[in-house]
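Peer 1: Coordinates only, no sequence provided:
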Ligand code: DGL
């Protein structure tokens, strides 16, 4: 593999959610440059059929590789569920990292009734069903589809009564059924971790972001492609997104 050490790492999501992954990537690899593409023109992905998500994700990853990225991180569980297998088959010589609901760490911590909060497309995907079947012998998995939650997060509604009522509607049933941990299976959800924590009464919460960052670093290290510089940067890939998207994305990136 002939990868440029100084090329950026591409990070892809339907909108702002991937910035929660970008933060972990930056924390682990501060010397790297990142090119972030949030496809807010086509968000949300999580209510679209898988074939549409696949073609949007392919187009997004092509843009990032086309811009010279040495790796692309699908910082989106929905995009990963629909696209990571076909895109890896297509681009076997490229580094493509995916996101997966962090059920395994919850099982490792001893949880046996695990709620997985994610988009409808993620939870109905073959990839998720295979994962739930594989892990189903070790824990009971409760899929909790959350249509509408990404829209609230994209609108920067991260606290308050509207969000809490919405979360109660999603979580009260599974919690009364004995769920003992929640997996945040969408990269938007860590931004409302505090509200989920309050509404769930302090259930342990898991997300896969740190694992994605570790996997990205491992693959780049194996390819000899980690950057040696002191301080990296983040650039937003411009592709017709709304002014609000850029304002919020810059705000979120600069608060880290
Ligand atoms: N951030 C995406 C995920 O991790 C979903 C957002 C969307 O529905 O567009 O699943």
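Peer 2: Everything's here; your move. No experiment lies behind these values; they were computed from the predicted model shown.
Peer 1: Return the per-residue confidence for residue 230.
Peer 2: We have a pLDDT of 83 for residue 230.
Peer 1: OK, contacts around it?
Peer 2: Residues in contact with residue 230, defined by Cβ atoms under 8 Å, 6 or more residues apart in numbering, are residue 31. (Each C-beta comes from the backbone N, C-alpha and C, glycine too.)
Peer 1: Confirm it sits in a helix?
Peer 2: No: counting by DSSP: H, G, I helix; E, B strand; the rest coil, residue 230 falls outside a helix, being coil.
Peer 1: Relative to the ligand, how far out is it?
Peer 2: Distance, residue 230 to the ligand, using Cβ to the nearest ligand atom, to the nearest Å: 31 Å.
Peer 1: secondary structure element for the residue nearest to residue 144 when sequence neighbours are not counted?
Peer 2: The shortest distance from residue 144 to any residue other than its chain neighbours is 4.7 Å, reached at residue 117 (Cβ to Cβ, 6 or more residues apart in numbering). Taking DSSP states H and E as the criterion, residue 117 maps to strand 113-118.
Peer 1: do residue 44 as well
Peer 2: Residue 44 belongs to no helix or strand, assigned by DSSP H and E.
Peer 1: That one contacts residue 14, correct?
Peer 2: Yes: look at residue 44 against residue 14 with Cβ atoms under 8 Å: they come within range, at 6.0 Å.
Peer 1: Identify the contacts common to these two.
Peer 2: With Cβ under 8 Å, 6+ apart, residue 44 and residue 14 have common neighbours residue 150.
Peer 1: out of these two, which sits in the busier spot?
Peer 2: residue 14 (31 against 23; other Cβ atoms under 10 Å).
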